[in-house]
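Student: Pasting the sequence and the predicted coordinates here, then a few questions.
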Amino acid sequence: MFKLHLSKVAKFVAYFAIFMTARPVFAADELNSGDTAWILTSTALVLFMTLPGLALFYGGLVRSSSVLSVLMHCFAICCVSSILWLVAGYSLAFGDGGGANAIIGGLDKAFLMGVGPDSLSGTIPETVFFMFQMTFAIITPALIVGAYPERVKFSSVLFFSAVWLMIVYVPVTHWVWGGGWLADMGVMDFAGGIVVHVTAGVSALVFAHCLGARRGFPSTLRPPHNPGLTMAGAAMLWVGWFGFNAGSALTAGGGAGMAMTVTHISAAAASLSWAAMEWAKFGKPSLIGIVTGMVAGLATVTPASGFIGPMGGLILGLVSGVVCQWMTMFIKQNMKIDDSLDVFAVHGVGGIIGTLCVAFLATSTFQGLGLSDGATVGSQIWVQFIGVAAVAAWSAMATFIILKVSDALFGLRVPEEEEIEGLDITAHGERSYEL
């Protein structure tokens, strides 16, 4: 009887151990209300970055006669991207592409087919994941608006943004986040250094080159018409970026907290280093400069935010403020390209810096969380470089082709007299200010 009793106890202990070991697997498939609440909040924050954050940031930087056109571009791109994301974008980015899964997903989730209220993506409803990723699909083509203000046709903006989203953004999203070939290589891009900033930055540079410079570039351009408006938009970007980076953890835990911390530190450090560069060069630090430095710091920390510690955030901020500020001058003065609101210099260069530097800033030496098993700093830098180079090449080539098609169909640039009068009244029949 005693032996039989011990046998039952041993079986109970064994079953209990199996149950406790297996429990996390089952828990991962269960809805977590805390995670869901955080990603719902993050989704709203990222949309807040575009509308109104990015729109006001860009709007304050242009002439007063074209500010409404910039706001219109951002708002219209939001609407177009949202519909395309529902129709096929989400499915192609995150769906199952069968044999072609390394390159592009499938259409199994087009129009959210098969996705109901109870469908889960990890610990959150798939509809919430769909919406969170939609906000990234909205802001990425909207970033390119900074390359072409005051001189582009609205019809070409709509055509380019729609086609670019499906041809450039969606495949790259699949490569990096949807289980594609770059994900298989082990590329590290936590919240969009490659997916968002490299694609938008490179495409903006190509767009600005093909479109041509604004009248008077670079000698007689008017300064930003409303720096205060730009500062207000920048403040909204800073707040919204917490959803961008910390939300990419997809959980309401320590990972999200660290991502938020390094994001803030990088933004603050980049603001100060950019302002210090201006102060040393021109004798005065400007409001436009310090807020642009903030955006550079945010863009740079984005790919690394889930892998680094506070020291890494500080380093990225200090470096990006200096390098991105120098690049704004180089592109306009040396390359003679009127990337009007410095999309490539700030977002493209910042995204590249953060993507490459994460390979060593993620190590414990810099308070990082560590590289994946088997990876070394050297091997990871090579993977990061391949990711940046491949995506930059694809973005540049596809953008050039889309622009040529758009130019043939609609024409890219408005007539000179419309550019002089301003796009607000000529393209949209409205004025920003009645003075």
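Tutor: Received, thanks.

Student: mean confidence for stretch 138-151?
Tutor: Stretch 138-151 shows a mean pLDDT of 98.

Student: Span of that stretch from start to end?
Tutor: For stretch 138-151, the separation between the terminal residues is 22 Å (Cα to Cα, to the nearest Å).

Student: give me the element residue 238 is part of.
Tutor: If you go by DSSP states H and E, residue 238 is part of helix 227-246.

Student: and the angle for whatever helix or strand comes next after that helix with helix 227-246?
Tutor: Per DSSP H and E, the first helix or strand lying C-terminal to helix 227-246 is helix 254-282. Counting by axes from the mean of the first three to the mean of the last three Cα atoms, to 10 degrees, helix 254-282 points 150 degrees away from the direction of helix 227-246.

Student: elements contacting helix 254-282?
Tutor: helix 227-246, helix 287-301, helix 310-329 (3 or more Cβ pairs under 8 Å, 6 or more residues apart in numbering; DSSP states H and E). (Each C-beta comes from the backbone N, C-alpha and C, glycine too.)

Student: now that helix: mean pLDDT?
Tutor: So the average pLDDT for helix 254-282 ends up being 97.

Student: Could you list the buried residues of that helix?
Tutor: For helix 254-282, the neighbour count (16 or more other Cβ atoms under 10 Å) marks 255-256, 258-278 as buried.

Student: now swap in stretch 204-218 and tell me
Tutor: Buried residues in stretch 204-218 (16+ other Cβ under 10 Å): 204, 205, 206, 207, 208, 209, 210, 211, 213, 214.

Student: In TSV, list these along with pLDDT and secondary structure.
Tutor: Below are the buried residues of stretch 204-218 laid out as TSV (pLDDT from 0 to 100; DSSP: H, G, I helix; E, B strand; the rest coil):
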residue	pLDDT	secondary structure
204	98	helix
205	98	helix
206	98	helix
207	98	helix
208	98	helix
209	97	helix
210	97	helix
211	97	helix
213	95	coil
214	94	coil
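
Student: Farthest-apart pair in the residues you listed, please.
Tutor: 206 and 214 (16.9 Å; Cβ to Cβ).

Student: hey, where'd the strands end up in the stretch 1-150 of the chain?
Tutor: 120-121, 124-125 (DSSP state E, counting those that start in this stretch).

Student: Make TSV from these and add mean pLDDT, distance to residue 361 and mean neighbour count to it.
Tutor: As requested, the strands of the stretch 1-150 of the chain are exported to TSV (pLDDT from 0 to 100; distance: least, Cβ to Cβ, whole Å; neighbours: other Cβ atoms under 10 Å):
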stretch	mean pLDDT	distance to residue 361	mean neighbour count
strand 120-121	94	29	18
strand 124-125	97	28	22
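
Student: out of the ones you listed, which comes closest to residue 140?
Tutor: strand 120-121 (20.4 Å).

Student: Which strands and helices lie in contact with that closest one?
Tutor: helix 126-143.

Student: report the longest helix in the chain, please.
Tutor: helix 377-409 (DSSP state H).

Student: now it: how far from the chain's centre is it?
Tutor: Centroid displacement of helix 377-409 relative to its chain, using Cα atoms, centre = their mean, to the nearest Å, is 15 Å.

Student: Which positions in it come out as buried?
Tutor: With burial defined by 16+ other Cβ under 10 Å, the residues of helix 377-409 counted as buried are 380-381, 383-384, 387-388, 390-392, 394-396, 398-399, 402-403, 406-407.

Student: With that, I have no additional questions.
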